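# Provide a 3D model corresponding to the input given below.
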Amino acid sequence: MTMSTPDFITQAMRARQASYQLATATRAAKDAALYAMADAVMANAQAIMNGNHRDIRRVLSTDIPPATLDRLTLTPERLAAMAQGLRDLAGLNDPVGEVIRGWQISNGVHIDQVRVPFGVVGIIYEARPNVTADAAGICLKSGNAVLLRGSSSAVESNRAIVAALRQGVEAAGLDPDVIHLVEGGYEVTDEMMAARELVDVLIPRGGASLIAAVVAKSQVPVIETGTGNCHLFVDASADAEMAIDIILNAKTQRPSVCNALETLLIHEDIVEWFLPRVMDALIAAGVAVHGDETSHGLDPRIDLVPADGWDEEALSLDLRVAVMTGLDQAISFIRTHTSGHSETIITNDVGHQRRFTAEVDTACVFVNASSRFADGGEFGFGAEIGISTQKLHARGPMGLPEMTSSKYIVTGDGQVR
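Sure thing, here's the model as predicted:
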């Protein structure tokens, strides 16, 4: 393997060595480390906040989108939530060593499929300092060392957070080299993607361009956590009040996240009376609505969407609207434009519900519920590393079990084949 950054090689090799100890650590030892990490975050709160303030001052001179600035910003409340998230991880079941299935074959040999850590996980992510603590904690609990490659916009925040996390791990008696912050230019990211002998899996978290670049270029196996071009189809049989409540929640509760609604599809049989009602509610909530020619013709408050404007995440209070001739067109439209994250139908037609859930190919399919529930915490997992939009290994919210692989333990008493 040809690499030019010794610092990265050193970090990755130290992470690999530390991963051996962590893979066999008891749950009690890992939970003690998580509590110590949380305590260290709070003990170093001022240093972390100071680093975050420096990051914010630096990026304010750039053309940073409001959604990105929001994700970058730490507050005392967000810092406390970061620490609490680490403590909450300690209360979750340890997936390592869990027997997924076990059986005995005819000659008496016993076979167990057992969960084991990946080893060394690389996380490549954008300006979200909370991901630094979340990812480190989830990786530690699942027995993995982690190489954290955050964005340059959050470097001061991430340095302070990682210093605190390593301090906590060491105080609990584990090797602090299970957590590393990887710094440097774009060439370091390229090296991570080429480090097949040193890194077991890469998980990119961020915008579409970041994820696409990692998927296209990485020689290391990638778990693709996706962008959310999420659709909601209001069927002709839908309860209007329920539909409007769900639309408002999915779009406005937190518009800058991947499970927020981006495109609203309305059945043509109800559009003439439903569209004005939902438009009034959306505009009152501060949403700017853009649509196809039919919706624009029905309501002049709707701007036209360009022909190529249906595939991007807005991550803002902007919503696209299109009128559908029926369920068939809605499913076809979603198949054309979905990012594979979360899709929703509002309907009282059981047949349409069954068709939608069977025919829409996406990580999460919602019926009469907000896509904002596409979240590991909301699913009851207690924690997540991201929402996987791929089909291999893991799909949907990735909790602790999804951060493991498995191996077969085959036990006999002298049998030969």
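
# where does residue 366 land in three-state SS?
Secondary structure, DSSP: H, G, I helix; E, B strand; the rest coil: residue 366 is strand.

# Report the spatially closest residue to it, excluding sequence-adjacent ones.
The shortest distance from residue 366 to any non-neighbouring residue, by Cβ to Cβ, 6 or more residues apart in numbering, is to residue 344 (4.1 Å). (C-beta placed from N, C-alpha, C; glycine too.)

# for the protein, which spans come out with low pLDDT?
Low-confidence segments of the chain (pLDDT under 70): 1-6.

# any idea which helix or strand comes after the helix or strand containing the residue nearest to residue 366?
Mapping residue 344 onto the secondary structure by DSSP states H and E places it in strand 342-346. Reading on from strand 342-346 to the C-terminus, the next helix or strand found by DSSP H and E is helix 350-359.

# now that following helix against strand 342-346, angle please.
Orientation check (axes from the mean of the first three to the mean of the last three Cα atoms, to 10 degrees): helix 350-359 against strand 342-346 gives 170 degrees.

# Can you list the neighbours in contact with helix 350-359?
If you take Cβ atoms under 8 Å, 6 or more residues apart in numbering as the criterion, helix 350-359 is touched by 233, 235, 237, 327, 330, 331, 343, 345, 347, 365, 367.

# Show me which of the residues you listed are buried.
With burial judged by 16 or more other Cβ atoms under 10 Å, the buried subset of the contacts of helix 350-359 is 233, 235, 237, 327, 330, 331, 343, 345, 347, 365.

# hang on, the earlier thing: walk me through which strands the strand holding residue 344 pairs with, and which way each runs.
strand 230-234 (parallel), strand 364-367 (parallel) (DSSP bridges).

# Report the distance from the last one to the chain centre.
The reference is to strand 364-367. How far strand 364-367 lies from its chain's middle: 17 Å, per Cα atoms, centre = their mean, to the nearest Å.

# Name the residues of the host helix or strand of residue 71 that are buried.
Using DSSP H and E, residue 71 sits within helix 66-72. Applying a neighbour-count criterion of 16+ other Cβ under 10 Å, one finds 67, 68, 69, 71, 72 buried in helix 66-72.

# Check stretch 320-337 too.
In terms of neighbour count (16+ other Cβ under 10 Å), stretch 320-337 has its buried residues at 320, 321, 322, 323, 324, 327, 329, 330, 331, 333, 334, 337.

# distance of the second one from residue 288?
Same thing as residue 321. As for residue 321, its distance to residue 288 is 11 Å (criterion: Cβ to Cβ, to the nearest Å).

# Could you do the first one as well?
Separation of residue 320 from residue 288 (Cβ to Cβ) stands at 10 Å.

# Equivalent analysis for the fourth one, please.
Noted for residue 323: a distance of 18 Å to residue 288, by Cβ to Cβ.

# what's downstream of the helix holding residue 71, the next helix or strand?
helix 76-90.

# going on from that following helix, what's the next piece of helix or strand?
strand 99-104.

# Partner strands of that following strand and their direction?
Strand 99-104 sits in its sheet next to strand 110-117 (antiparallel), going by DSSP bridges.

# Show me what secondary structure element comes after the partner strand.
Taking DSSP H and E, what comes next after strand 110-117 is strand 120-125.

# What lies in contact with that next one?
12, 15-16, 19, 131, 135, 139, 144-151, 182, 189, 192, 195, 198-206, 210, 214, 220, 385, 403.

# Please state the offset of that strand from the chain centre?
On Cα atoms, centre = their mean, the centre of strand 120-125 falls 13 Å from the chain's centre.
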